[in-house]
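Chemist: The amino acid sequence is not available; the structure is as follows:
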């Protein structure tokens, strides 16, 4: 990695998606990931890296306001951001 970190292998799977959990990951943290494939000829090279954001389920939106616009026959909705946006 360019920032001096190391990659930790979390799982290997041949035929199904991999779901990995790690207790040290915190909401709002950016994670750098990469993957590789395996078949009868062996392992591929690693993919390019991608950055993902560790997030949680957000709280519901606050202060929902609906307005009916009768002339155009539609409804507008507005709200405030929740206290916990999920990361």
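Modeler: Sure thing, it's come through. Everything numeric in this text was worked out from a predicted model, so none of it was measured. Residues are numbered from 1 along each chain as shown.

Chemist: now the closest residue to residue 82 other than its chain neighbours: how far from residue 79?
Modeler: Nearest non-adjacent residue to residue 82, counting by Cβ to Cβ, 6 or more residues apart in numbering: residue 59, 3.7 Å away. C-betas here are computed from N, CA, C, even on glycine. From residue 59 over to residue 79 the distance is 12 Å, taken as Cβ to Cβ, to the nearest Å.

Chemist: Low-confidence ranges, the protein, go.
Modeler: Along the chain, the parts satisfying pLDDT under 70 run over 1-5, 7-24, 87.

Chemist: what's the domain layout of it?
Modeler: Per the record, the chain has its domains at 1-55, 58-87, by automatic domain parsing.

Chemist: Let's have those domains in CSV, adding mean neighbour count.
Modeler: Formatted as CSV, the entries for the domains of the chain read as follows, by neighbours: other Cβ atoms under 10 Å:
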stretch, mean neighbour count
domain 1-55, 9
domain 58-87, 10
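
Chemist: what comes into contact with stretch 60-67?
Modeler: If you take Cβ atoms under 8 Å, 6 or more residues apart in numbering as the criterion, stretch 60-67 is touched by 75-83.

Chemist: residue ranges of the helices in this protein, please?
Modeler: Using DSSP state H, the chain contains no helices.

Chemist: Strands of that one, start to end?
Modeler: For the chain, the strands defined by DSSP state E occupy 30-33, 38-39, 42-43, 50-53, 62-69, 74-80.

Chemist: Would you mind giving those strands as a markdown table with distance to residue 6 added?
Modeler: Conversion of those to a markdown table gives the following (distance: least, Cβ to Cβ, whole Å):
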| stretch | distance to residue 6 |
| --- | --- |
| strand 30-33 | 10 |
| strand 38-39 | 21 |
| strand 42-43 | 18 |
| strand 50-53 | 16 |
| strand 62-69 | 41 |
| strand 74-80 | 41 |
